[in-house]
Every structure is written in structure tokens, then in C-alpha cells.
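Participant: Just a sequence and a predicted model for now, questions to come.
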2 protein chains.
Amino acid sequence: MKLENVKIVMVETTHPGNIGAAARAMKNMGLSQLVLVNPKCPVGERAYARGSGANNVLDDRVTVESLPDAIKDSQIVVGTSARLRSLAWPELDPQSLAEKADAVTQAGKVAIVFGREHAGLTNDELQHCHYTVTIPSNPEFSSLNVASAIQVVSYELYKRTQQEEAGDAVVDAEPLADSAEMEGYFKHLEQVLVSTGFLDPDNPRQLMKRLRRLYQRAEPSKNEINILRGILTAVQKFRK
Amino acid sequence: MKLENVKIVMVETTHPGNIGAAARAMKNMGLSQLVLVNPKCPVGERAYARGSGANNVLDDRVTVESLPDAIKDSQIVVGTSARLRSLAWPELDPQSLAEKADAVTQAGKVAIVFGREHAGLTNDELQHCHYTVTIPSNPEFSSLNVASAIQVVSYELYKRTQQEEAGDAVVDAEPLADSAEMEGYFKHLEQVLVSTGFLDPDNPRQLMKRLRRLYQRAEPSKNEINILRGILTAVQKFRK
């Protein structure tokens, strides 16, 4: 995925806070190309405040008069819409949009177009789109804030870039205890439980089975097993 | 997934707009349980304006004094954090959180905890969490707006409900211990460790932190916590 080949297009946005929040969401997710089509508000203090440091995205925004101007260099144009349309466009969910963008951005540009806060995109504007993307949502309350919709779509794009790199899965965990260390712990535990009178030495099976399951589920590290054995030793000395 | 068994907990939020935006994001994604821990702002006109119709979520919000009050009925508590910690908690991404929540909410409750706008969650608050969830993001600009973070996490939860995965229903026989039972165990454990001389009462923090992580990772059932407490009681009687 080449995130620099994705642009976010906001059409006739009316609230500067939404433009700022969109810029922040984009920068959080590694995107930087913001295009405003005929914005209905100034991009000033309120937008920058909500941008919360995404100044470069706001500074570098491109403002154009009409949607065709915004998308003329894009191979794929995707419109967002919660409204039902009489003519159904090919519909993507955010995850499949990310897959498509991954392929297209290798050699071309993708524009994702977000409509007005209250009215979305017009049918004329949708005519310019190759696909629509629909964010799954509560059918009884389906209209997301425009910056939130940009957040969700951008998140799926960024997530896709991370899956590409997921060959080197990062688990900076401590080395796990091996089987012999676990057995050593269980033997030690059993001795202590018998000597404290908690465990019946003639019938230790059921209880030890439960405790084994519990500790095995936790997948203790070598260090943790050392701590647990230290506790058992302290209990053994406790009596004397 | 039983979305009604998921609660979103916001700790010491300072901007009413964020509370409103969170309520809207939740309702968009079929969530309804909002808990505010010691909010630093009124929940009035500005919150309702940004809520944009999610009035029921705001009306039904629960306000409490402290995080333990917010989570005491929850089997799994998940904290959100962008900050790096010296001791790593078991870390989930939003999608694997959704998988876990799907399983746990069949018979229990999940709390997802979001920290302050500028300071996140404190280490003390993270002590109450079994997991942290981290939203993949641009390492150079990683801090999402709190309502945007709630949007992304809620989206993954809702998306999970849309994926028909019949074979995946995890039915665990035993009910998990809730947060209050876990705390009761940790308190009892600390007493015993101090009285056996294993734990320095003047400096219990580091060791207890490690032990909390270990036991939280195991996700003990109520029965298992009863067994563990039985062992502690046997050790206490052992001396006499």
C-alpha cells in the first residue's frame, strides 16, 4: 500500500471542526493528501485546534471548486454514502476497500470521497464514483460523523499496511518456562499443599489437575515460575 | 457477540464534545453502555449537540467516582494506551479484542477503558486491566482523539457481529471471576506474602504488579479463585 497515493476528498463540509478532526484522523493513519471541494467554512483556528498537531495535513490541503477537479488524476474513485440509492453502485466495505487500494496504489491513485454532513453526496457526484464504501453500522442509527467515517476508513487502510509487514510478528515477551520447569513447579506446589493440609495426599489428582490447567493457561515465563517457586519456599520456611 | 454486555468507560474526560462524539460513535455501532469516571466537564448542550441524536446513550450514562466502581461487575477489563510501558500488558489489537469480547460477552461483561485526552490512563488504572488494546497508527503521530479511538474499537466490535461465524461460539463451562473477586484475591495474596516474609511491605509494588499480570492472564473462573483463596487460608493457618 502506498498511502501517499490515497487522497481523502471532503465535499462542501460545513464544520471546520470536522475538517480538523479529519486531518488528525488521517495523520494518525499515515495519510496526508486532503482535498476540499468547495468548503462551506473557513479552515482556521477551529480546524487547527481539532487537528491537534496535524498541521501539515491542513497546510498542504488542496481546495477545488468541484468534484471532477478533485479526482481528475485518480484511477479509482470511491464514494461514501449511508443513504439508500435507487441505482446501486458496486459496494465495498472498508476492509475490501483497503484491499483494493493496496492493489491500485502500487501504480495509481485512489480518491475516497466524503459528502456533506447532513446530505452526503448527490447522485450527480456519485456518477463520478466507481464504487461506494459503506461502513457497517446500526441500521437504526447509521449516519456517522464525517470525520469518524474518515477515521474508520483510514484505519482499515493503515491496518492493511501493517498486515503487509506482519512477517516479523513482535512479541517482546520473556522466554516462557519449559515443560520441565512447569513440572518442577507443580511438584513443589503439591508438596506445599500437602504439608499445609490443603491437599489430601491420598487423593491429590482432581485438585492438582485443576491447578495445572489454571497455571498452564497463563503460560508463565521462566521468571514468573521462579517467583512462584520463591513463594512456595517462603511458605515452607514460614513454619519454622 | 452480546453488545449489551460491553461497556465503554471514559476516565476524567475534559471535553463535553468528546463525550457526545463517543455516544454517537457507540450508538452507530450498536453499543449503549457508557460509564463516566469522574468527568471533568458537564454533560450538557455541547455533548448532546455532538451526540447528534444519541440521546439515549447520554441519558442512560452512569457516572462513578473511580475506575474500580466502573468495572466491578466486569469479567474482562481492557485499557487503551498509546504510551509505552516498562512492563508490557498482554496487548490486543481492536480486531482481536472483538474476538475476545465475542466469547466473553456470551456469559459475562467486558469493560473497555479510555483515558484522559492528554494523559491517557495512569499506571494505577492500568493495574486493573487484564489487557491493553492498541490501535495501529502512525508511530510519529499516534495519539487518536478519544472519541475516534472509541469509534474504531466500536466499529471492530460491530463488524464482528456482522460476520456470521457459527462454529466460533466459545462456550466456557465456568463463569469467570469478576473484577471484585480478582481484587479480593490479590489483597489476600499480598497479606500472605507479607506475613511469610516473601514480600517487603514497604515496597510491594513491583512484585504485586507481576503477580497481577500473571493471574489476570489466566482469566480464572470463580471456582478457581475460590481454590486459590482456599490455599491462602491454609497457608495462614499453617503457622498455628
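Facilitator: Done, it's in. Numbers count the residues shown, from 1 in each chain, chains lettered A, B, ... in the order given.
Participant: Could you list the domains of chain A?
Facilitator: Chain A is divided into the following domains under automatic domain parsing: A:3-164, A:179-238.
Participant: Looking at the last one now, give me its mean pLDDT.
Facilitator: The one in question is domain A:179-238. Across domain A:179-238, the average pLDDT comes to 90.
Participant: What is the end-to-end distance of it?
Facilitator: 28 Å (Cα to Cα, to the nearest Å).
Participant: how far away is A:K237 from A:I225?
Facilitator: Distance of A:K237 to A:I225, computed by Cβ to Cβ, to the nearest Å: 19 Å. (Each C-beta comes from the backbone N, C-alpha and C, glycine too.)
Participant: now swap in A:M29 and tell me
Facilitator: Separation of A:M29 from A:I225 (Cβ to Cβ) stands at 40 Å.
Participant: Of those two, which one has the most company?
Facilitator: When A:M29 and A:I225 are compared for neighbours, A:M29 comes out ahead with 28 against 20, by other Cβ atoms under 10 Å in any protein chain shown.
Participant: ok, the more buried one - contacts?
Facilitator: Counting by Cβ atoms under 8 Å, 6 or more residues apart in numbering or on different chains, A:M29 touches A:3, A:151, A:154-155, A:157-158, B:137-138.
Participant: Among the residues you listed, give me the pair with the biggest separation.
Facilitator: A:L3 and A:Q151 (14.8 Å; Cβ to Cβ).
Participant: Neighbour count: these two, which is higher?
Facilitator: Counted by other Cβ under 10 Å, A:L3 and A:Q151 do not tie: A:Q151 has more neighbours, with 29 against 20.
Participant: from the middle of its chain, how far away would the helix or strand containing A:V78 be?
Facilitator: In this structure, A:V78 sits in strand A:76-80 according to DSSP states H and E. Put simply, strand A:76-80 sits 21 Å off its chain's centre (Cα atoms, centre = their mean, to the nearest Å).
Participant: could you say what helices and strands that strand packs with?
Facilitator: helix A:94-104, strand A:110-114, strand A:131-133 (3 or more Cβ pairs under 8 Å, 6 or more residues apart in numbering or on different chains; DSSP states H and E).
Participant: Recalculate using a threshold of 10 Å.
Facilitator: strand A:6-11, helix A:67-71, helix A:94-104, strand A:110-114, helix A:123-126, strand A:131-133, helix A:146-164 (3 or more Cβ pairs under 10 Å, 6 or more residues apart in numbering or on different chains; DSSP states H and E).
Participant: Grab the nearest non-local neighbour of the residue nearest the centre of chain A.
Facilitator: Geometric centre of chain A, nearest residue: A:Y155, 5.1 Å, by Cα atoms, centre = their mean. Leaving out its chain neighbours, the residue that sits closest to A:Y155 by Cβ to Cβ, 6 or more residues apart in numbering or on different chains is B:V152, at 5.1 Å.
Participant: can you check A:N55 too?
Facilitator: A:Y48 (6.5 Å).
Participant: Could you measure from the one you found over to A:M26?
Facilitator: 14 Å.
Participant: which of the two has more neighbours?
Facilitator: Neighbour totals were compared for A:Y48 and A:M26, and A:M26 leads with 30 against 18 (other Cβ under 10 Å).
Participant: Verify the stated contact: the more buried one with A:V9.
Facilitator: No - using Cβ atoms under 10 Å, A:M26 makes no contact with A:V9, being 11.6 Å away.
Participant: joint contacts of the two?
Facilitator: A:33-34 (Cβ atoms under 10 Å, 6 or more residues apart in numbering or on different chains).
Participant: Check the gap between A:S179 and A:G230 for me.
Facilitator: Counting by Cβ to Cβ, the gap from A:S179 to A:G230 is 20 Å.
Participant: For A:K159, give its distance to A:F198.
Facilitator: For A:K159, the distance to A:F198 (Cβ to Cβ) stands at 48 Å.
Participant: Now do the contacts for the residue nearest to the centre of chain A.
Facilitator: A:25, A:28-29, A:94, A:98, B:94, B:135-137, B:144, B:148-149, B:151-152, B:155-156.
Participant: Show the buried residues in these.
Facilitator: A:25, A:28-29, A:94, A:98, B:94, B:135-137, B:144, B:148-149, B:151-152, B:155-156 (16 or more other Cβ atoms under 10 Å in any protein chain shown).
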